[in-house]
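S.K.: need a 3D model of the following:
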Amino acid sequence: MKVVEKDRVISVMLQDELRRCLEMLDSLGKAVSKLPKGVLSSRKKRYKKKVYSYYYLKYRDGENVVNKHISNEKVQELAEKLEQRKKYMKEIHSYEKKIAYLSKIISSDKRRRNAGLG
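M.R.: Take a look at the predicted model:
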């Protein structure tokens, strides 16, 4: 097999990987958009020698910071969703890096072919 044929095979593999990464990025983006954003925090209030604690969700809406009260029954479910969102965001970041890397390799390969080097 000639070197040029090897480059074409590798190029096709890289393009397939790029396409797969773009599809994964799209599906992760859709999944993240359905999950709540923000941070779960707790506050403690003292009233007549008793300490009461409650939870709230803190997130940005444009330039405003929103503090939304969360009932005790929904805290565990919300914490799981926020953790899931955090994992998805890490995956999105890694796929974005991989896509940038693959795009750079593929574009340099195309430039080489056009210049008659590959």
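
S.K.: only C-alpha atoms from now on, for both contacts and neighbour counts.
M.R.: OK.

S.K.: OK, contacts around residue 95?
M.R.: Contact analysis of residue 95 by CA atoms under 8 Å, 6 or more residues apart in numbering lists 21-22, 24-25.

S.K.: top strand in this protein by residue count?
M.R.: In the chain, with assignment by DSSP state E, the single longest strand is strand 50-61.

S.K.: how close does residue 43 sit to residue 55?
M.R.: Distance of residue 43 to residue 55, computed by CA to CA, to the nearest Å: 6 Å.

S.K.: ok, these two, which is more surrounded?
M.R.: Between residue 43 and residue 55, counted using other CA atoms under 10 Å, the more crowded position is residue 55 (18 against 9).

S.K.: quick check, that one in contact with residue 75.
M.R.: Yes - counting by CA atoms under 8 Å, residue 75 is a contact partner of residue 55 at 7.3 Å.

S.K.: ok, back up a step: out of the contacts of residue 95, which end up buried?
M.R.: 21-22, 25 (16 or more other CA atoms under 10 Å).

S.K.: closest to residue 88 among the residues you listed?
M.R.: Residue 88 lies nearest to residue 25 out of these, by CA to CA, at 9.7 Å.

S.K.: what's near enough to touch the residue of the chain positioned farthest from its centre?
M.R.: The outermost residue of the chain relative to its centre, with distances by CA atoms, centre = their mean, is residue 48 at 45.4 Å. By CA under 8 Å, 6+ apart, no residues touch residue 48.

S.K.: next, it: phi, psi?
M.R.: Main-chain dihedrals, residue 48, degrees, to the nearest 10: phi 50, psi 60.

S.K.: count of neighbours near residue 74?
M.R.: Counted with other CA under 10 Å, residues neighbouring residue 74 total 10.

S.K.: typo on my end, residue 31
M.R.: Look at residue 31: counted by other CA under 10 Å, it has 13 neighbours.

S.K.: likewise residue 99?
M.R.: 19.

S.K.: in this structure, which spans are helices?
M.R.: Here the chain has its helices, by DSSP state H, at 3-34, 75-115.
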